[in-house]
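Q: Mind folding the following:
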Amino acid sequence: MIVPPPARNFYPMKTPRLFFAFAVATLVALTGCNRGEPSRTGASGPANAPTVALVVKTLNNPFFIEMQKGAQEAAQKAGVSLIVQAADREVDVERQMQIIENLIERKVGALCITPSGSREIVPVIVKANKAGIPVLIVDTRADEKALAAAGGKTATFIGSDNYDGGKLAGAFIAQKLGGRGHVAVLEGIPGHETGDSRLRGFREAIAQAPGLKIVASQPANWERDQGFNVFQNILQAHPEVNALFACNDLMALGATEAIAAAGKSGRIVVVGFDAQPEAREAIKKGTMAATVAQFAGRMGAIAVENAAKLLRGETIEAFTPVPIELVK
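A: Below is the predicted model of the structure:
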């Protein structure tokens, strides 16, 4: 907002400093109003339509942007109003909880959530239950034991089998290396269901090839910059590494930059997860070997379709699987 200057005849020439101070204070106040706001898109859809909120981990990741697009297309077809919100960073669990609490206060019709924290999400699910707002979990499961202990419930889970995706990645690396080699892993956020499941599947597949050894496995918190920094350190400590599994494509892409900086492009097999457009391009160029696709847009669409069914009083399945495939 730009504040127009007042007419000159209302202020004597002796008060320019007073007016300047007022203008600066106004600008600071307006700027401060936006501080800490989540990344968001406004509600879209027919007037007076029921409202569905999609809360993703971040909108700085192409995976969740694709999920948002799928949700928006489904909302238009279903005749519901859609709100999409997220924290700036995927690791900001507390901010995601605040966003969800605000949406509960707004009395949205249904909540579709990709939890940044599988256990941390439980208290706000319980709050939504008490408010009579159905909760649909997408992509990352809520912690079932913690949810049961708190007396909470969700309407459905929509997502891929991350464990199977990890096994696909591990089997591919084992085949690519001929069953022998030194492997590194870039983990997501420790303790989060999505990354933990991918790791379990990957490690099980690698264990089937006794000649493969995981020499380093470190968190890079789903972020590209951390993928670069962490893998650069791994390469320095373990120059013998000849394969990498990154639990998402952003970390994998960061790692390819570290590989290039070390002059090893094309000499290390890099496998990511999510099949983002840039990862697919990296596979074409040869800087990545493969990635696991899990169709985020379809997840977003199914979530909104199911939310609309609940708002119409219809029943939905407790689990809707979304397929995965290896892209190479």
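
Q: residues contacting the closest residue in space to Glu278 that isn't next to it in sequence?
A: Once flanking residues are discounted, Glu278 sits nearest to Leu253: 6.0 Å by CB to CB, 6 or more residues apart in numbering. The C-beta positions use only the backbone N, C-alpha and C, and glycine is treated the same way. Going by CB atoms under 8 Å, 6 or more residues apart in numbering, Leu253 touches 224, 227, 272, 278-279, 282, 288.

Q: Can you tell me the element Leu253 falls in?
A: According to DSSP states H and E, Leu253 maps onto helix 249-261.

Q: Over to Arg198?
A: Counting by DSSP H and E, Arg198 is part of helix 193-207.

Q: tell me which residues in that helix are buried?
A: Within helix 193-207, the residues that count as buried by 16 or more other CB atoms under 10 Å are 193-199, 201-203, 205-206.

Q: okay if I get those residues as CSV plus distance to Val241 and pLDDT?
A: Formatted as CSV, those follow (distance: CB to CB, whole Å; pLDDT from 0 to 100):
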residue, distance to Val241, pLDDT
Glu193, 27, 87
Thr194, 24, 91
Gly195, 20, 93
Asp196, 22, 94
Ser197, 24, 95
Arg198, 19, 97
Leu199, 17, 97
Gly201, 20, 98
Phe202, 15, 98
Arg203, 16, 98
Ala205, 18, 97
Ile206, 13, 97
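
Q: residues in contact with stretch 267-274?
A: So stretch 267-274 is contacted by 62-63, 165-166, 169, 172-173, 176-177, 198, 241-249, 251-253, 255-256, 259, 279, 282, 287-294, 296 (CB under 8 Å, 6+ apart).

Q: So which of these sit within strands?
A: Mapping those onto strands (DSSP state E) picks out 243-246, 290-293.

Q: contacting residues for Glu305?
A: By CB under 8 Å, 6+ apart, the residues touching Glu305 are 74, 78.

Q: Just give me how far the helix or strand hosting it sits from the chain centre.
A: Using DSSP H and E, Glu305 maps to helix 296-311. Helix 296-311 sits 17 Å away from the centroid of its parent chain (CA atoms, centre = their mean, to the nearest Å).

Q: quick one: buried residues of whichever helix or strand comes after it?
A: The C-terminal neighbour of helix 296-311 among helices and strands, as given by DSSP H and E, is strand 319-321. Across strand 319-321, burial judged by 16+ other CB under 10 Å covers Thr320.

Q: Parallel or antiparallel, which strands does strand 319-321 pair with?
A: Strand 319-321 has the following strand partners under DSSP bridges: strand 156-159 (parallel).

Q: pLDDT on the partner strand, on average?
A: Average pLDDT, strand 156-159: 98.

Q: Only the C-alpha atoms, please, for it, written as PDB.
A: C-alpha atoms of strand 156-159 as PDB (Å, rounded to 0.1, in the frame of the first residue of the first chain):
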ATOM      1  CA  THR A 156      -8.600 -41.300   5.300                       C
ATOM      2  CA  PHE A 157      -5.000 -41.500   4.100                       C
ATOM      3  CA  ILE A 158      -4.100 -40.800   0.500                       C
ATOM      4  CA  GLY A 159      -0.600 -41.600  -0.600                       C
END
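
Q: which intervals of the protein have sub-threshold pLDDT?
A: Scanning the chain for pLDDT under 70 picks out 1-47.

Q: what's the most distant pair in the ones in strands among the contacts of stretch 267-274?
A: Ala243 and Ala293 (19.6 Å; CB to CB).
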